[in-house]
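Engineer: Need a 3D model of the following:
(one chain, ligands or ions: 1)
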Amino acid sequence: MNKYIAVILALALLVSLAACGGKETRTTEPAETAGQSETAAPVNTDDMSAESVSATDGKKILTVYFSSANTANVDAVSSATPDFNGVASTELLATYIHEVVGGDIVKITPVKDYPEDYNCTADVAKAERDADERPAYLPLDFDPEDYDVIFVGYPMWWYTLPMVMYTFFDDYDLSGKTIIPFNTHEGSGDGGTYDEIAAFEPDATVLDGLAVSGSRVENARGDVADWLSGLGF
Ligand SMILES: Cc1cc2nc3c(=O)[nH]c(=O)nc-3n(C[C@H](O)[C@H](O)[C@H](O)COP(=O)(O)O)c2cc1C
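Structural biologist: This is a model prediction of the structure:
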């Protein structure tokens, strides 16, 4: 675990108790302890990196992602995360991928509005994770049966996927599909989430994903191109 991130998250939680009103009684346990004990085992990318999408021609491709800008009633990038001229980092990463692979692109928009403030968002997200919640999202206009390859993107939240992504994987049976994860973060990498996705969707093929530091997404076009090329795109 990146100690720097752990300290930032711990501080964020402490500050949020004051700034957000703290309706619930919250633990002040170190974030590192809380995160490490509950995060999936480190991903074994060796197993996945050997695979690629054979013959991408004619494959039907979907990119689906959640980015914290995509809340139902907030028409702006949350101050909680990096902002690239009004586009949040995971959203920007999704557009870079979409530019290369084509196909359709869909965003996951939670029904609930997350706070614009980082500390308050951290507070809400941690409460969701601790309660193993499944936050609802607005209906998605796609049928997985229409696709062969599905890119799935999200930011790291508290060392794992945002809980709305758990809802997504509960809702959709992606058996038989090729899933290609990508994520943004500020130190956790993928945090074992690619393995988590493989466990959620045991009858899908989950390829090696791309983890990009959120604050550096603007410089990641080359990394995206290299990664996609390595996967056969
Ligand atoms: C609630 C919350 C929890 C976060 N937890 C982590 C974390 O555990 N590890 C990490 O590396 N980054 C964490 N971050 C940083 C985000 O993953 C990073 O800023 C990401 O690029 C945000 O993507 P977005 O701008 O598309 O929302 C967290 C951010 C938020 C708002």
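
Engineer: show me where the chain has helices.
Structural biologist: 3-19, 31-38, 45-49, 89-101, 118-130, 163-171, 193-200, 221-230 (DSSP state H).

Engineer: hey, least reliable of the ones you listed by pLDDT?
Structural biologist: The minimum mean pLDDT among those belongs to helix 31-38 (a mean of 33).

Engineer: Which pLDDT value goes with residue 52?
Structural biologist: 78.

Engineer: burial of it, as a residue count?
Structural biologist: A count of nearby residues for residue 52, using other CB atoms under 10 Å, gives 16. Any C-beta I mention is one placed from the backbone N, CA and C, and that applies to glycine too.

Engineer: roughly how far apart are it and residue 183?
Structural biologist: Look at residue 52 and residue 183: by CB to CB, to the nearest Å, they are 19 Å apart.

Engineer: and what of residue 165?
Structural biologist: Counting by CB to CB - residue 165 and residue 183 are separated by 10 Å.

Engineer: Output the set of residues of the protein in proximity to the ligand.
Structural biologist: 5, 9, 67-68, 80-82, 88-91, 118, 121-122, 125, 155-159, 184-188, 214 (CB under 6 Å from any ligand atom).

Engineer: filter those residues to the buried ones?
Structural biologist: Listed as buried from these are 5, 9, 67-68, 80-82, 88-91, 118, 121-122, 125, 155-159, 184-188, 214; burial here means 16 or more other CB atoms under 10 Å.

Engineer: is it true that residue 147 touches residue 103?
Structural biologist: Yes - here residue 147 lies in contact with residue 103, judged by CB atoms under 8 Å, at a distance of 7.5 Å.

Engineer: Comparing those two, which shows the higher neighbour count?
Structural biologist: Taking other CB under 10 Å, residue 147 and residue 103 do not tie; residue 147 has more neighbours (20 against 17).
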